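Asks: Just to be clear, the model below is a prediction. Sequence and coordinates:
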Amino acid sequence: MKMRLGKEEDFSEFKKELRLRLEGRNTRILENPGYTSAAVMILFMNRDSEPHLLLTQRSDKVKTHKGQMSLPGGGRDSTDRDILETAFRETYEEVGIRPDKIEHLGRFDDYISIFGFHVTVFVGAVEYPVEYTFCQDEIDAYLEVPVRIFVNREYGKVQYITYEGKEYKIYHYFYGGLEIWGLTARILTDFAEEVLYK
């Protein structure tokens, strides 16, 4: 996909192409009733004439993934109508972006976290610059990261782990003085390969 967005129309075309690619693929949907249901949002924006996405650094007050970089999102509440509402609600609670400010582009694959979460990944876009209101108890810092680092696989190192008998690559990206790794890096590396490369 085109990674240079010289005009606003280019970002509109980028979003249109993203939507078509997401609609045209076989989304991996998992059924894992024993896991805690959660959702995250890959949020694109047109910054410095190229697509960026929002990542947040979790505080040391949260229950899991303390200090790690993550996509906006969290666990499903019993009052959520569906898992998409979870993604919108959690994004608003964490970073202050209202659902009506997010253009929903589609759904990516489901993931299972070693911490016991069944994570559904959604894709959206927001207008840049973005006005944030961060939840101080959950968020310590944030990054607007150029998507090209995942498209080009500009990771600093890669590790191999075995989980439930299967070997996985753990990518570590470094940007803005912060480290992006774990499930977030896995999702974004897969997304670049499965959606943006083709």
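Replies: Received, thanks.
Asks: most residues in a single strand of this protein, which one?
Replies: The strand spanning the most residues in the chain, taking DSSP state E as the definition, is strand 36-47.
Asks: Partner strands of the worst-scoring helix or strand of the chain on mean pLDDT, with direction?
Replies: Ranked by mean pLDDT, DSSP states H and E, the weakest helix or strand in the chain is strand 157-163, scoring a mean of 89. Paired with strand 157-163 in the same sheet, following DSSP bridges, are strand 166-175 (antiparallel).
Asks: and the partner strand, how far out from the chain's middle?
Replies: 15 Å (C-alpha atoms, centre = their mean, to the nearest Å).
Asks: which residues are contacting that strand?
Replies: For strand 166-175, contacts defined as C-beta atoms under 8 Å, 6 or more residues apart in numbering pick out 143, 145-146, 149-150, 153-162, 179-182, 185-186, 189. Any C-beta I mention is one placed from the backbone N, CA and C, and that applies to glycine too.
Asks: give me the low-pLDDT residue ranges for the protein?
Replies: Where the chain drops to pLDDT under 70, the residues are 61-67, 198.
Asks: in it, which spans are strands?
Replies: With DSSP E as the criterion, the chain has strands spanning 36-47, 50-58, 69-70, 73-75, 103-112, 117-125, 139-146, 157-163, 166-175, 178-180.
Asks: who does the residue nearest the centre of the chain bridge with?
Replies: Centrality entry for the chain: nearest residue to the mean C-alpha point is residue 42, 3.4 Å, by C-alpha atoms, centre = their mean. Beta-bridge partners recorded for residue 42 (DSSP bridges): residue 123.
Asks: and if you look at the one 5 residues further on?
Replies: Beta-bridge partners of residue 47, counted by DSSP bridges, are residue 50.
Asks: How many residues are close by it?
Replies: 17 (other C-beta atoms under 10 Å).
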